[in-house]
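**Q** Sequence first, then the predicted structure, then my questions.
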Number of protein chains: 2
Amino acid sequence: MRSSAAQAARLDLDRFLPYRLSVLSNRVSSAIARQYSDRFGLSIPEWRVMAVLGGTADLSARDVAERTAMDKVQVSRAVESLMRARRVARSPDRDDGRIMRLSLTSKGRAIYDEVVPLALHLENVFLSALDAEERRQFDALMGKLARQAHLLGGEDK
Amino acid sequence: MRSSAAQAARLDLDRFLPYRLSVLSNRVSSAIARQYSDRFGLSIPEWRVMAVLGGTADLSARDVAERTAMDKVQVSRAVESLMRARRVARSPDRDDGRIMRLSLTSKGRAIYDEVVPLALHLENVFLSALDAEERRQFDALMGKLARQAHLLGGEDK
DNA sequence: CGCAATTAGTTTCATTTGAAACTATATTCC
DNA sequence: GGAATATAGTTTCAAATGAAACTAATTGCG
């Protein structure tokens, strides 16, 4: 029999979901970030902005924020430095004076076209730890957890 | 037939591993952090230090850094504020004058004993999106990816 | 032993980050 | 039409963060 004194559960960090996610996420992100940071001087927020604009042009800053899960301040600052480097350009929306439409410049596009294969390659190196079936599983499980996390907290940070 | 002009792959952020991990990690961590931050004024680094000390007492700051994947500066600062709040205490190592042995105080232990069930509960709420078999799979897949990430980059940030 | 090289931990300083306030435009509704 | 409210995006200011320098103690090695 156990003593009757309350005994708190012990927490094994190595098994604790938020901790595991955080360590894995940091390792993967920073390995990839190192590549585009070294070669193009891009920060993670800058690359994220470029990544969505590479897929869809003429988004507003707010659209970008939504799609990258960044907040509007981060987007504003990333856009500012990308514009200084002539990698992103913006023009006023035709109907709404508050909105600026953002797009990659040709210079930005050229970088995008170089970074994407690099990023996909690195992703594949990580995923090479899994076989095809395991990748499929992982993909599905991440989807379920992401949906769940979205339903609950909602917030990104 | 495709045109012969080079056409870069497109990157779908929603499918891109680092992005997915980062968003999920942020959502999960911050949902849990909100709990212990609101109730106990603990930051994430502070809670991580308490989490390892709750499992094993008399660790050095370096041990804590290793087990939490934090760097020594972060640990030093978290320990400083935890000591100010009398949640952690330290005493010099008997043989090595450079080392301080860290432990939870009874006040710290009481908080640990409250936060652990809370954290485990929240973790379970997230994981309730998966059935038993899926959890087992996810656990195994995270393990493989963590090992892979460790082999490659090595770095945590 | 005694001096060079390591290791533990802290401090400093510059950069990054986030919350809140702010500006400017759009929309709502009386 | 015009006051009140909401939205897009920027700025400001304080706090968090990280890299590198620093202090103090230890270990390795001639």
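**A** Received, thanks. Numbering: from 1, shown residues only, chains lettered A, B, ... in the order given.

**Q** how about the strands in chain A?
**A** For chain A, strands defined by DSSP state E occupy the ranges A:88-92, A:100-104.

**Q** Setting aside sequence-adjacent positions, which residue approaches A:A9 most closely?
**A** Spatially, and ignoring its direct neighbours in sequence, A:A9 is nearest to B:V116 (5.2 Å; Cβ to Cβ, 6 or more residues apart in numbering or on different chains). Bear in mind the C-beta positions are built from the backbone N, C-alpha and C, glycine included.

**Q** Stretch A:95-107 close to chain B?
**A** No - taking Cβ under 8 Å from any Cβ of the partner chain as the criterion, stretch A:95-107 and chain B are apart, separated by no less than 11.4 Å.

**Q** and that stretch, how far apart are its ends?
**A** The straight-line separation of the ends of stretch A:95-107 (Cα to Cα, to the nearest Å) is 28 Å.

**Q** buried residues in that stretch?
**A** Neighbour-count burial for stretch A:95-107 flags A:99-105 (criterion: 16 or more other Cβ atoms under 10 Å in any protein chain shown).

**Q** got it, and stretch A:31-41?
**A** Buried residues in stretch A:31-41, defined by neighbour count with 16+ other Cβ under 10 Å: A:31-33, A:35-36, A:40.

**Q** So which residues make contact with it?
**A** By Cβ atoms under 8 Å, 6 or more residues apart in numbering or on different chains, the surrounding residues in contact with stretch A:31-41 are A:42-44, A:47, A:85, A:111, A:114-115, A:118-119, A:122-123, A:126, B:18, B:149, B:152-153, B:155.

**Q** Could I have the buried ones of those as PyMOL selection syntax?
**A** Here is the PyMOL selection string for the buried members of those, based on 16+ other Cβ under 10 Å:
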select buried, (chain A and resi 42+43+44+47+85+111+115+119+122+123+126) or (chain B and resi 18+149+152+153)
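
**Q** Go through chain A and flag its longest helix.
**A** Ordering each helix of chain A by length in residues (DSSP state H) puts helix A:17-40 first.
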